[in-house]
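In: Give me the fold of what follows.
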Amino acid sequence: MPLEQEIMGLLIGGFSIVIGIVILITVFLWRKNKSSGYIWTLLHLIFVSVGVYFALKGISFDYNHPMASEEISLWIGVSGVAWVLSMICLVIALFNFSKDRNLSTS
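Out: Residues are numbered from 1 along each chain as shown. Here you go, the predicted structure:
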């Protein structure tokens, strides 16, 4: 898909800064609270990053390539699988946080 030349750099830079800050905050909170939910949250962030990597690889693929449609479909599919795994990790993290909260109020 044709994009302006500087867009990919802006997307990668912006995503990297935001995900880096979120990972640092998550590690800080994990060290402070020692909940297993933070491990799952970190896994979620890793899988989201992998999904974004493959999605960006798909949208920046040379569309003049003879098998471009198949290649782009593959990268978007891999990106979707990584996203699904990240959502599973997020749901497990939410269950762990909920369980930890219920134990502390009892």
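In: buried residues in stretch 25-40?
Out: Residues of stretch 25-40 classed as buried: 26, 30, 35, 37, 38, 40 (neighbour count, 16 or more other CB atoms under 10 Å). C-beta here means a position set from N, CA and C on the backbone, and glycine is covered the same way.
In: Helices of this structure, start to end?
Out: Taking DSSP state H as the criterion, the chain carries its helices at 7-33, 37-59, 68-105.
In: Can I get these in TSV including mean pLDDT?
Out: Shown next, in TSV, are the helices of the chain (pLDDT from 0 to 100):
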stretch	mean pLDDT
helix 7-33	91
helix 37-59	92
helix 68-105	87
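In: among the ones you listed, which is the most enclosed?
Out: Ranked by mean neighbour count, the helices of the chain are led by helix 37-59 with a mean of 19 (mean count of other CB atoms under 10 Å).
In: Just give me how far it sits from the chain centre.
Out: From the chain centre to the centre of helix 37-59 is a distance of 2 Å (CA atoms, centre = their mean, to the nearest Å).
In: now the angle between helix 68-105 and that helix, please.
Out: 170 degrees (axes from the mean of the first three to the mean of the last three CA atoms, to 10 degrees).
In: on contacts alone, who are the packing partners of helix 37-59?
Out: Packing contacts for helix 37-59, counted by 3 or more CB pairs under 8 Å, 6 or more residues apart in numbering; DSSP states H and E, involve helix 7-33, helix 68-105.
In: Format the CA atom coordinates belonging to that helix as CSV.
Out: Taking C-alpha atoms only, helix 37-59 is exported to CSV below (Å, rounded to 0.1, in the frame of the first residue of the first chain):
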residue,chain,number,x,y,z
GLY,A,37,-1.2,-10.3,36.4
TYR,A,38,1.7,-8.0,35.4
ILE,A,39,3.5,-10.9,33.8
TRP,A,40,0.4,-11.6,31.6
THR,A,41,0.2,-7.8,30.9
LEU,A,42,3.8,-7.8,29.7
LEU,A,43,3.1,-10.8,27.5
HIS,A,44,0.1,-9.0,26.1
LEU,A,45,2.3,-6.0,25.3
ILE,A,46,4.9,-8.2,23.6
PHE,A,47,2.3,-10.0,21.5
VAL,A,48,0.7,-6.6,20.5
SER,A,49,4.2,-5.4,19.5
VAL,A,50,4.7,-8.5,17.4
GLY,A,51,1.3,-8.0,15.8
VAL,A,52,2.0,-4.4,15.0
TYR,A,53,5.4,-5.4,13.5
PHE,A,54,3.7,-7.8,11.1
ALA,A,55,0.9,-5.4,10.3
LEU,A,56,3.4,-2.7,9.4
LYS,A,57,5.3,-5.2,7.4
GLY,A,58,2.1,-6.1,5.5
ILE,A,59,1.1,-2.5,4.8
